[in-house]
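sharing a model that was predicted from the sequence below.
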Amino acid sequence: MKFVNRIDEAARLKDALAREKPSLVVMYGRRRLGKSTLIKRVLLDNDVYFLADRSEGQHQRVLLAKVIAQVFPDFDKLTYPDWESMFRAVNYRTDKRFTLCLDEFPYLVEQSSELPSVLQKLVDEKQLKYNLVLCGSSQNMMYGLFLDSTAPLYGRADEIMRLAPIRLPYIQEALSLDAMNAIEEYAVWGGVPRYWELRENRNSLDDALWHNILSVNGTLYEEPIKLFQDDVKDIVKTSTIMSYIGTGANRLSEIAARCNEPATNLSRPLKKLIDLGFLEKDVPFGIEEKNAKKSLYKIADPFMAFYYQFVVPNRSFIELGRCLPIEQALNAHFSEYVSMQWEKLCRDAVTGNLVGRVVYGKAKRWWGSVLNEDKKPEQVEFDVMAESLDKKYLLVGECKWTTQENGKLLTAELLRKANLLPFAKNYTIVPMLFLKNTPKDDIGNAMLPEDVVELMK
């Protein structure tokens, strides 16, 4: 698969490594995002890249010395009793700038807790002649090592880069898809390039699902557990919470009831999952998160959402190799599942973008009870709602991932509901339809998959 996106990240990394004085660069993010690939694309022939493992410290130094010996001959002929002597030996051997990258840096720290303090000492002396790139998949540990004010390396990094999943348009480029298929594929694989590679190796989305996810031998069959191992102590509890949310328990009270625990016991693990990017807190438009009483918890990552909706409830069938129940679940619910991801993509597309000559702020959902035309309570919901930056316009949107819709009817219903909102009276209402296909009666306010992909570039 060709390398896509990461233009800004590559430029920042190159700039940091080319500065007048040696740099300490930190890069972190969840597994499979392409951190190592990005670094290796930027490194030069005389640079050193070392991938750590979980073996003990002395063995790691032996392995690292062998890699360094490729640049500095016979470097591995000596034994280095500690990390400081090794880093100083590298400094002694080099007469020109190069870069030393320690990938999966948390593994080294697990075995050698003194390592951060050693690096702090070397960096503070300002005598190093080479760049250091420290990379890791344990987001929790990397954050603690470099962004916790009590940590030895706090404030020492010249550049800290947290890699995020790649945005929607690039899966279209990477897998040569049309816009509609790009959205369906993104709904499964999300913005994780390693998943895209696995998908590229199969003939179709269906083939890739059965080969990689819906099989006990699939590369991604146990993927969530592997991801949690990097950052979570109680994997069982974490996976249980994700399972309940993935199958429809979205309110804190519902999650607590299913876990058979007080809601107060869940605040910390839920926040942790949000910080790691696996969950998100859905708060209605116009309400501050800290004041929200009716917030919902949703799985933020598309792959995780797919996994906990289709894999976990069917694990017994998968283990027995029974395909029919899973096929039925996919046939019955996959389109509905994609529609939920389509809603999120539409909100992301509107946020901070120019839509119909107007720039909008953060797009969110809105749901609640209002008084209808007959002065009776009515529950209404908007898939997309965003205020223009000049506060004159309110975009209200309906998202559909079905075949041809009646554009006039959908727009009329959107306007009817919007006019029931007391706070909407201060705006000019802009109704917008986000549809899979062109509506039967296109009245000019519909955005299709190709429009959403274009907005997200």
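Received the coordinates, thanks.

so where's the chain uncertain?
The chain contains residues with pLDDT under 70 at 1-2, 291-292.

tell me where it has strands.
In the chain, the segments counted as strands under DSSP state E are 24-28, 48-51, 99-103, 131-136, 159-162, 279-282, 296-299, 354-355, 358-359, 364-371, 377-387, 393-400, 428-435, 446-447.

rebuild the ones you listed as TSV, extending it with mean neighbour count.
The C-beta positions use only the backbone N, C-alpha and C, and glycine is treated the same way. Shown next, in TSV, are those (neighbours: other CB atoms under 10 Å):
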stretch	mean neighbour count
strand 24-28	23
strand 48-51	18
strand 99-103	22
strand 131-136	25
strand 159-162	17
strand 279-282	18
strand 296-299	20
strand 354-355	16
strand 358-359	14
strand 364-371	16
strand 377-387	19
strand 393-400	22
strand 428-435	20
strand 446-447	21
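
make JSON lines from those and add distance to residue 143 to it.
Putting the strands of the chain into JSON lines (distance: least, CB to CB, whole Å) gives the following:
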{"stretch": "strand 24-28", "distance to residue 143": "7"}
{"stretch": "strand 48-51", "distance to residue 143": "21"}
{"stretch": "strand 99-103", "distance to residue 143": "17"}
{"stretch": "strand 131-136", "distance to residue 143": "10"}
{"stretch": "strand 159-162", "distance to residue 143": "9"}
{"stretch": "strand 279-282", "distance to residue 143": "17"}
{"stretch": "strand 296-299", "distance to residue 143": "21"}
{"stretch": "strand 354-355", "distance to residue 143": "34"}
{"stretch": "strand 358-359", "distance to residue 143": "33"}
{"stretch": "strand 364-371", "distance to residue 143": "27"}
{"stretch": "strand 377-387", "distance to residue 143": "31"}
{"stretch": "strand 393-400", "distance to residue 143": "34"}
{"stretch": "strand 428-435", "distance to residue 143": "35"}
{"stretch": "strand 446-447", "distance to residue 143": "37"}
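
of all those strands, which one is nearest residue 123?
strand 24-28 (5.8 Å; CB to CB).

what is the closest one packed up against?
With contacts taken as 3 or more CB pairs under 8 Å, 6 or more residues apart in numbering; DSSP states H and E, strand 24-28 sits against helix 7-17, helix 35-42, strand 131-136, helix 139-146, strand 159-162.

relative to the whole chain's centre, how far out is the last one?
Just to be clear, that refers to strand 159-162. Distance of strand 159-162 from its chain centroid, counting by CA atoms, centre = their mean, to the nearest Å, is 16 Å.

the longest one now?
On the basis of CA atoms, centre = their mean, helix 7-17 is displaced by 20 Å from the centre of the chain it belongs to.

tell me what angle that helix forms with strand 131-136.
Per axes from the mean of the first three to the mean of the last three CA atoms, to 10 degrees, the angle that helix 7-17 makes with strand 131-136 is 140 degrees.

outline the domain layout of the protein.
If you go by automatic domain parsing, the domain ranges for the chain are 7-162, 170-338, 349-455.

how about the contacts made by the nearest residue to residue 182 once chain neighbours are set aside?
Distances taken as CB to CB, 6 or more residues apart in numbering put residue 172 closest to residue 182, at 3.8 Å, once the chain neighbours are dropped. By CB atoms under 8 Å, 6 or more residues apart in numbering, the residues touching residue 172 are 178, 179, 182, 453.

I am finished for the moment; much appreciated.
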